[in-house]
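Visitor: Sequence plus the predicted model coming up.
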Amino acid sequence: MTDEKRRRNRVLALLFTGVLMAALDIAIIGPALPAIRGAFGIGERAAAWMLTMYVLFNLVGTPLMAKLSDRFGRRSVYVADVGVFALGSLVVALSPTYGWVLVGRATQGLGAGGIFPVASAVIGDVFPPEKRGGALGLIGAVFGIAFILGPMLAGAILLLLSWHWLFLVNIPVALVVMVAAGRLLPSRRAEVVRPFDGKGMVVLAVLLASLAFGLNRINAERLWQSVASLGVWPFLVVGVVLVFVFAAVERSAEDPVVRPGLFASRQVKLASALSLGAGLTEAAVVFVPALLVAAFSVTMSTASFMLMPIVLALSVGAPVSGRMLDRYGSRGVVLVGTALIAGGMLLVGFFPASLTLFYAAGVLIGLGLASLLGSSLRYVMLAEASAAERGAAQGILTVFISVGQLVGAAVVGAVIGSHGGELQGYGAAFLMVGVVLAFLTLLSFGLKSRAAERATMRAPGTPASAGERA
């Protein structure tokens with residue numbers, strides 16, 4: 001094994017550990033909520049703010065941290081992201097009041113917002129084009145692994161210790177990651193540092209926070225009434241208006257947060273649309289346990305365990321799809337992934353009361369998600385973005401996935417609610433998602449062929465040509 005290969009493997013292990021730490025913190029929050037509610041004497045509505053604060057600041061932190069990594073180097077920003085996440089974990093664990101818990105969760109979300117997109121950008125910096133798919137696939141498998149390990153780890157800690165240790169355990173892991181990142185990650189900064197686009201960042205932060213807050217407050221069972229309420233529609237209107245304001249600000253900025261020309265690429269447009277579809281799929285999967293309760297009269301805990309085929313398929317499929325990217329390119333992998341999700345969703349939609357078909361559909365959905373979320377769309381962005389924009393491009397994908405999750409949760413919940421929460425409602429909702437993914441499968445034919453994609457890709461450290469940046 002060459003020294004360069006050993007170095008790449010150490011970098012990959014470091015990135016894997018950092019992403020796993022952040023992903024586990026999402027997976028353990030469910031088991032932790034009852035203990036935290038009891039400790040602070042709060043109700044379920046107040047407890048839900050633990051997730052809301054994390055989502056809001058994660059969404060805002062993603063483009064900020066991704067852009068900063070393009071300007072100041074991956075190493076310093078990745079170390080800062082992990083440090084901010086660890087600080088948030090410490091604040092949550094030592095909080096004297098529930099208000100401080102929310103401050104800690106917001107801090108965690110801000111730090112975690114940069115960990116995954118910066119890690120993906122590092123892979124573009126360190127790995128040659130023919131090795132990027134496998135590396136991205138391994139990082140993508142983290143989320144399936146976290147879903148499996150998270151509840152078990154949380155259960156063991158809660159059995160032996162207090163809920164505080166669910167967050168304190170992040171501190172030593174974060175310290176190890178920060179030290180290793182300081183030694184291993186590339187530190188190259190932008191060659192020319194132009195004035196930071198503070199105005200664009202503020203507009204984007206308010207835009208994303210408004211959309212996230214408004215969408216998060218929609219009551220799916222009373223969709224139109226909640227959308228028409230003062231707690232929802234003003235935030236949605238502000239978010240939509242600021243989309244146009246943000247576009248105008250970015251066109252005049254010297255160093256925009258998101259270069260408008262990046263969206264001139266058909267690949268980027270398609271990857272963004274497919275990211276929305278991936279987020280929609282994730283939102284639909286959240287409703288699967290409730291579907292299983294309605295279909296088979298099992299308990300919610302048993303229903304959660306029945307998600308294992310999806311999770312295992314995701315965990316196994318992510319690294320496999322990554323290797324397929326290196327061999328066949330993104331178009332084939334994305335086509336297969338979207339078709340698998342569409343097929344799985346349609347199976348559940350047409351046959352919601354068949355246990356055998358549910359497990360078969362779960363495998364299809366898990367493999368499809370592994371293809372989309374794990375690596376393929378990030379692979380597309382690494383091919384299209386210059387080295388100076390890799391972080392921002394990865395941040396764009398994360399934002400679109402998050403928006404797809406938020407919109408999907410509202411729409412899927414609304415379809416289910418329109419049928420009174422009965423089994424037919426779940427069937428209709430999953431049919432709707434299946435049709436959307438079938439449409440995205442057709443769009444996937446518009447992605448570049450393997451040969452064209454390889455011609456676009458740059459080796460680590462290679463600058464973009466003028467034509468590529470146009």
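Guide: Arrived safely.
Visitor: mind checking how far Ala93 is from Ile36?
Guide: 11 Å (CB to CB, to the nearest Å). From N, CA and C alone the C-beta is placed, and that goes for glycine too.
Visitor: no wait, Gly395
Guide: 30 Å.
Visitor: and what of Leu382?
Guide: 39 Å.
Visitor: follow-up on the earlier one: so between Gly395 and Ile36, which is more surrounded?
Guide: Per other CB atoms under 10 Å, whichever of Gly395 and Ile36 has more neighbours is Gly395, with 31 against 19.
Visitor: mind showing which ranges of this structure have poor pLDDT?
Guide: By pLDDT under 70, the low-scoring segments of the chain are 1, 44, 144, 148, 188-193, 216, 219-224, 374, 421, 455-470.
Visitor: which residue is nearest the middle of the protein?
Guide: Thr398 (5.0 Å; CA atoms, centre = their mean).
Visitor: Is it correct that Ala361 is in contact with Gly344?
Guide: Yes - taking CB atoms under 8 Å as the definition, Ala361 is a contact partner of Gly344 at 4.1 Å.
Visitor: The two: which has the busier surroundings?
Guide: Under the criterion of other CB under 10 Å, the comparison of Ala361 against Gly344 puts Gly344 first, with 31 against 28.
Visitor: Identify each buried residue in the helix or strand harbouring Ala13, please.
Guide: Remark: Ala13 resides in helix 3-27, with elements defined by DSSP states H and E. By 16 or more other CB atoms under 10 Å, the buried positions in helix 3-27 come out as 8, 11-12, 14-27.
Visitor: State the helix or strand in which the residue nearest to Ile416 when sequence neighbours are not counted lies.
Guide: Excluding the flanking residues, the one nearest Ile416 by CB to CB, 6 or more residues apart in numbering is Gly425, at 4.1 Å. For Gly425, the element it lies in under DSSP H and E is helix 423-444.
Visitor: Counting by contacts, list what the helix or strand that that helix is followed by packs against.
Guide: Going down the chain from helix 423-444, the next helix or strand is helix 450-456, by DSSP H and E. For helix 450-456, the packing partners by 3 or more CB pairs under 8 Å, 6 or more residues apart in numbering; DSSP states H and E come out as helix 330-350, helix 377-384.
Visitor: Among those helices, show me which one is buried the most.
Guide: helix 377-384 (a mean of 28; mean count of other CB atoms under 10 Å).
Visitor: Now do that one: distance to the chain's middle.
Guide: 15 Å (CA atoms, centre = their mean, to the nearest Å).
Visitor: Please write out the alpha-carbon positions of that helix in PDB.
Guide: Presented in PDB, the C-alpha positions along helix 377-384 are these (Å, rounded to 0.1, in the frame of the first residue of the first chain):
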ATOM      1  CA  LEU A 377     -25.800  13.300  -6.200                       C
ATOM      2  CA  ARG A 378     -22.700  14.500  -4.300                       C
ATOM      3  CA  TYR A 379     -20.600  12.800  -7.000                       C
ATOM      4  CA  VAL A 380     -22.500  14.800  -9.600                       C
ATOM      5  CA  MET A 381     -21.700  18.000  -7.700                       C
ATOM      6  CA  LEU A 382     -18.000  17.200  -7.400                       C
ATOM      7  CA  ALA A 383     -17.900  16.800 -11.100                       C
ATOM      8  CA  GLU A 384     -19.600  20.100 -11.800                       C
END
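Visitor: list the helices and strands that helix packs on?
Guide: Partner elements for helix 377-384 (3+ CB pairs under 8 Å, 6+ apart): helix 98-126, helix 129-140, helix 266-286, helix 330-350, helix 390-418, helix 450-456.
Visitor: Of these, which is nearest Phe246?
Guide: Closest approach to Phe246 among the helices and strands packed on helix 377-384 (CB to CB): helix 390-418, 11.8 Å.
Visitor: how about the closest one: buried residues?
Guide: For helix 390-418, by 16+ other CB under 10 Å, it's 390-417.
Visitor: ok so, going back, got a list of what the residue nearest to the centre of the chain touches?
Guide: Neighbouring residues of Thr398 by CB atoms under 8 Å, 6 or more residues apart in numbering: 62, 66, 113, 116-117.
Visitor: Tell me which two of the residues you listed sit farthest apart.
Guide: Ala66 and Phe116 (9.5 Å).
Visitor: re the thing from before, now tabulate the helices and strands packed on helix 377-384 in TSV and tack on distance to Ala46.
Guide: Shown next, in TSV, are the helices and strands packed on helix 377-384 (distance: least, CB to CB, whole Å):
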stretch	distance to Ala46
helix 98-126	7
helix 129-140	34
helix 266-286	21
helix 330-350	33
helix 390-418	20
helix 450-456	48
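Visitor: hey, where'd the helices end up in the stretch 151-300 of the chain?
Guide: Assigned by DSSP state H, counting those that start in this stretch, the stretch 151-300 of the chain shows helices spanning 165-168, 170-184, 198-216, 223-227, 233-252, 266-286, 288-296, 300-305.
Visitor: And for the second one, what's in contact with it?
Guide: Where contact means CB under 8 Å, 6+ apart, the residues beyond helix 170-184 that reach it are 7, 10-11, 14, 17-18, 21, 25, 75, 78-79, 82-83, 85-86, 89-90.
Visitor: Same question for the shortest one.
Guide: The set of residues external to helix 165-168 that reach it, using CB under 8 Å, 6+ apart, is 25, 28, 32, 89-90, 92-93, 104, 154, 157-158.
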